[in-house]
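>>> sequence? don't have it. structure:
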């Protein structure tokens, strides 16, 4: 993976608020580049916790072949070595922390109406 800078955006019911910037390196590890003063300590700890993890579990709809009941959830594991790591990490932090990770290019795109 090529290193990439991403904005860290806190998502609330009222608004999306940029609170910092991280870089993800070739190994999939994050570095905090900047943070708003009130979120600095939180984001330092957040980056540390994410970097400590070897793998992650993303909540997804179970595969049809699983025969799971309607509205149940299924855990799909992913790791830094997978090609889909960046997209999976974005979904993971959105689910678990209410945070969007977005590149500058993604910010420039028109909103699709999905929060």
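Yes, it's here. It should be emphasised that the depicted structure is a prediction, and the values quoted were computed from it without experimental measurement.
>>> the helices in the chain, which residues?
In the chain, the helices defined using DSSP state H lie at 40-52, 85-97, 104-108.
>>> in the second one, what counts as buried?
Across helix 85-97, burial judged by 16 or more other C-beta atoms under 10 Å covers 85, 86, 88, 89, 90, 91, 92, 93, 94. (C-beta placed from N, C-alpha, C; glycine too.)
>>> Equivalent analysis for the last one, please.
Within helix 104-108, no residue qualifies as buried by neighbour count (16+ other C-beta under 10 Å).
>>> tell me the average confidence for that helix?
Averaged across helix 104-108, pLDDT comes to 87.
>>> Tell me the helices and strands packed up against that helix.
strand 4-11 (3 or more C-beta pairs under 8 Å, 6 or more residues apart in numbering; DSSP states H and E).
>>> Strand partners (parallel or antiparallel) of the strand it packs on?
strand 16-24 (antiparallel), strand 99-102 (antiparallel) (DSSP bridges).
>>> what does the last one rub up against?
Read that as strand 99-102. Defining contact as C-beta atoms under 8 Å, 6 or more residues apart in numbering, one finds that strand 99-102 is touched by 6-11, 16, 22, 46, 89-90, 93-94.
>>> returning to that earlier point: can you redo the helices of the chain as a markdown table with distance to residue 2?
Shown next, in a markdown table, are the helices of the chain (distance: least, C-beta to C-beta, whole Å):
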| stretch | distance to residue 2 |
| --- | --- |
| helix 40-52 | 18 |
| helix 85-97 | 10 |
| helix 104-108 | 13 |
